[in-house]
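Visitor: I'd like to go over a predicted model; first the sequence, then the structure.
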2 protein chains.
Amino acid sequence: MQTAREIHAAVSLRGEDTRQRLLEVALDIFGQHGFDGASTREIVQRAGANLTAIPYYFGSKEGLYVAAAEYMVTDCLRRMTPAMERTLREVQDPRLSHSELIHHLCDLLDDFAAVLMGPQMPDNWSVLFAREQMQPTAAFDKISVAFQPFTSVLQEMVGRILGQSADDRDTRLRVLTLFGQVLIFRTNRATVLRLMNWQEFGEPQLRAVQIVIRKQVTAILAKSS
Amino acid sequence: MQTAREIHAAVSLRGEDTRQRLLEVALDIFGQHGFDGASTREIVQRAGANLTAIPYYFGSKEGLYVAAAEYMVTDCLRRMTPAMERTLREVQDPRLSHSELIHHLCDLLDDFAAVLMGPQMPDNWSVLFAREQMQPTAAFDKISVAFQPFTSVLQEMVGRILGQSADDRDTRLRVLTLFGQVLIFRTNRATVLRLMNWQEFGEPQLRAVQIVIRKQVTAILAKSS
DNA sequence: GTCTATAGTCGGATAGAC
DNA sequence: GTCTATCCGACTATAGAC
């Protein structure tokens, strides 16, 4: 027989579980149809929850949207954390050579590409992310803040490699173009697949992309320039 | 007094005008709210047309969407055409030096950036474009076909500069990363503005971007690499 | 915490007059 | 070609029982 506390705990667990499933399904559907196009009915149906669970847990459809976006960036960052911590450790040594620094930077970008292109990053997430870039909503702040540590690391490394401040305008522009070279394989996937005659974006494709990016980053940051 | 033919011509003109206004407004609103979120009532209201004009001219809401996407790429290409024709003319000379070729390529990318970032390219257009990239609809084919000449030119030039075939896999990947370096300033505008501490994307900002891209493209395609 | 029932709004499409 | 009127389905949010 259950005590009152155990019953309450069980109920809470069930509630947390419902909340979680709603977040996951909502993220998928908001990405697919956009905020306006997404139907709360479809969300609760696929999540196996009741329609009124959305106002109950998230206040409103908009609250659910913001929570889903937050869930997405948290998950992305969690998968980027190991690579970032490794890089921070490697870079602590102040006597690293120019080419060693470039090597560590390329490793970090490799992992970044792997997270972006990997099967763990559903297309629908990217769509939601892209939409927030061009039409920021309340969710954009959460996205932006969460990604700041990552750009900081890149600025530090690029600045050090180029022998200029991490906050230098040129440094920041360079970081953005580095991002761009990786991101296009995500944001313009349809064009990439068509131009490359690829049917899917799997392991071999990721490898090819990583190789080209390494070549280009090395050339861009080479000492002669 | 008007003849029957003149009256008919006037009506046709009015019809064409309504059609045109619907296209322009539809493009803006589809970009802003997505296909599902866009309201035909809002479109006709802002276009000063009647609700039934959409089924009449475009068959359905979906027909209007495809027509609007087609209208967008036609307009973009029209603005890119002068630069492309100039480049094709410049590149005809088979004795161009390595650095001259790079120079012409940079000029083309400059114009590409100007079209992408310029005030003539509304944010909402980019959003529609981005959505089609990740969730292609019937409109994607029209977009894709229209842009093919542009990628062809880039493949030709990059291949020639690197001394390899225009259809080489490495050539195509290089072209994509070149695109990426420019496109990120469009597709991730919110992140760009925040990282650069820019309030808007005007003439000076465009200039700064063009300078960095020239530097990087030159480094990437330098003979030593 | 979860459910049913329902209110109130807005969506796209069509019929038919002019 | 343009308009009014209308159908009917889908939407979010809420009240209130359990």
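Guide: Nice, I can see it.
Visitor: Quick check: which ranges of chain A have low pLDDT?
Guide: Where chain A drops to pLDDT under 70, the residues are A:1-13, A:224-225.
Visitor: who's in contact with residue A:50?
Guide: Listed by C-beta atoms under 8 Å, 6 or more residues apart in numbering or on different chains, the contact set of residue A:50 reads residue A:44. From N, CA and C alone the C-beta is placed, and that goes for glycine too.
Visitor: So it versus residue A:24, what's the distance?
Guide: For residue A:50, the distance to residue A:24 equals 17 Å [C-beta to C-beta, to the nearest Å].
Visitor: Any idea how many residues pack against the residue lying closest to residue A:198 once chain neighbours are set aside?
Guide: Leaving aside its sequence neighbours, residue A:198 sits nearest to residue A:205 (C-beta to C-beta, 6 or more residues apart in numbering or on different chains; 5.6 Å). Neighbours of residue A:205 under the rule other C-beta atoms under 10 Å in any protein chain shown: 17.
Visitor: Equivalent analysis for the one 3 residues further on, please.
Guide: Neighbour count for residue A:208, taken as other C-beta under 10 Å: 16.
Visitor: Between helix B:203-220 and the strand or helix carrying it, find me the angle.
Guide: Assigned by DSSP states H and E, residue A:208 belongs to helix A:203-220. Orientation check (axes from the mean of the first three to the mean of the last three C-alpha atoms, to 10 degrees): helix A:203-220 against helix B:203-220 gives 100 degrees.
Visitor: what comes up buried for helix A:203-220?
Guide: A:205-206, A:208-210, A:212-220 (16 or more other C-beta atoms under 10 Å in any protein chain shown).
Visitor: what helices or strands is that helix leaning on?
Guide: Contacts defined by 3 or more C-beta pairs under 8 Å, 6 or more residues apart in numbering or on different chains; DSSP states H and E place helix A:203-220 against helix A:98-117, helix A:169-187, helix B:169-187, helix B:203-220.
Visitor: Turn these into a markdown table, including distance to DNA strand D.
Guide: Converted to a markdown table, the helices and strands packed on helix A:203-220 look like this (distance: least, C-beta to the nearest atom of the strand, whole Å):
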| stretch | distance to DNA strand D |
| --- | --- |
| helix A:98-117 | 29 |
| helix A:169-187 | 26 |
| helix B:169-187 | 27 |
| helix B:203-220 | 38 |
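Visitor: Report the distance from stretch A:59-74 to the chain centre.
Guide: Chain-centre distance of stretch A:59-74: 15 Å, with C-alpha atoms, centre = their mean, to the nearest Å.
Visitor: Next: stretch A:96-104.
Guide: For stretch A:96-104, the distance to the chain centre is 26 Å (C-alpha atoms, centre = their mean).
Visitor: Contact residues of chain A facing DNA strand C?
Guide: Taking C-beta under 7 Å from any atom of the strand as the contact definition, chain A meets DNA strand C at A:11-12, A:14-15, A:18, A:49-53, A:56.
Visitor: Export those residues as JSON lines, with columns for secondary structure.
Guide: Shown next, in JSON lines, are the residues of chain A next to DNA strand C (DSSP: H, G, I helix; E, B strand; the rest coil):
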{"residue": "A:11", "secondary structure": "helix"}
{"residue": "A:12", "secondary structure": "helix"}
{"residue": "A:14", "secondary structure": "helix"}
{"residue": "A:15", "secondary structure": "helix"}
{"residue": "A:18", "secondary structure": "helix"}
{"residue": "A:49", "secondary structure": "coil"}
{"residue": "A:50", "secondary structure": "coil"}
{"residue": "A:51", "secondary structure": "coil"}
{"residue": "A:52", "secondary structure": "coil"}
{"residue": "A:53", "secondary structure": "helix"}
{"residue": "A:56", "secondary structure": "helix"}
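Visitor: Report the buried members of these.
Guide: Buried members of the residues of chain A next to DNA strand C, scored by 16+ other C-beta under 10 Å, are A:18, A:49, A:53.
Visitor: quick one, what contacts the last one?
Guide: Spelled out, it's residue A:53. A:18, A:22, A:44, A:47.
Visitor: three-state assignment of residue A:120?
Guide: coil.
Visitor: That one against residue A:80, yeah?
Guide: No - distance between residue A:120 and residue A:80: 11.2 Å, which falls outside the contact criterion (C-beta atoms under 8 Å).
Visitor: more neighbours, these two?
Guide: More crowded of residue A:120 and residue A:80, by other C-beta under 10 Å: residue A:80, with 20 against 12.
Visitor: Quick one: residues contacting the residue nearest to residue A:198.
Guide: Residues in contact with residue A:205 (C-beta under 8 Å, 6+ apart) are A:117, A:196, A:198.
Visitor: Closest to the centroid, which residue in chain A?
Guide: Closest residue to the average C-alpha location of chain A: residue A:76 at 4.2 Å, with C-alpha atoms, centre = their mean.
Visitor: List, one by one, the residues from chain A near DNA strand D.
Guide: Counting by C-beta under 7 Å from any atom of the strand, chain A comes close to DNA strand D at A:38-42, A:51-52, A:54-55, A:60-62.
Visitor: Please name the nearest non-neighbouring residue to residue A:123.
Guide: Excluding its sequence neighbours, the residue lying closest to residue A:123 (C-beta to C-beta, 6+ apart) is residue B:134, at 5.5 Å.
Visitor: residues touching that neighbour, list them.
Guide: Counting by C-beta under 8 Å, 6+ apart, residue B:134 touches A:123, A:126-127, A:130, A:187, A:189-190.
Visitor: ok, now how distant is it from DNA strand C?
Guide: Note on residue B:134: its distance to DNA strand C, by C-beta to the nearest atom of the strand, to the nearest Å, is 22 Å.
Visitor: cool, residue A:81 as well?
Guide: As judged by C-beta to the nearest atom of the strand, residue A:81 and DNA strand C stand 30 Å apart.
Visitor: Provide the secondary structure category for that residue.
Guide: Going by three-state DSSP: residue A:81 is helix.
Visitor: That one: how many residues sit nearby?
Guide: 12.
Visitor: swap in the one 4 residues further on?
Guide: Other residues within reach of residue A:85, judged by other C-beta under 10 Å, total 11.
Visitor: element containing it?
Guide: Assigned by DSSP H and E, residue A:85 falls in helix A:61-91.
Visitor: Report the buried residues of that helix.
Guide: Going by 16+ other C-beta under 10 Å, helix A:61-91 has these buried residues: A:61, A:64-73, A:76, A:80, A:83-84, A:87, A:90-91.
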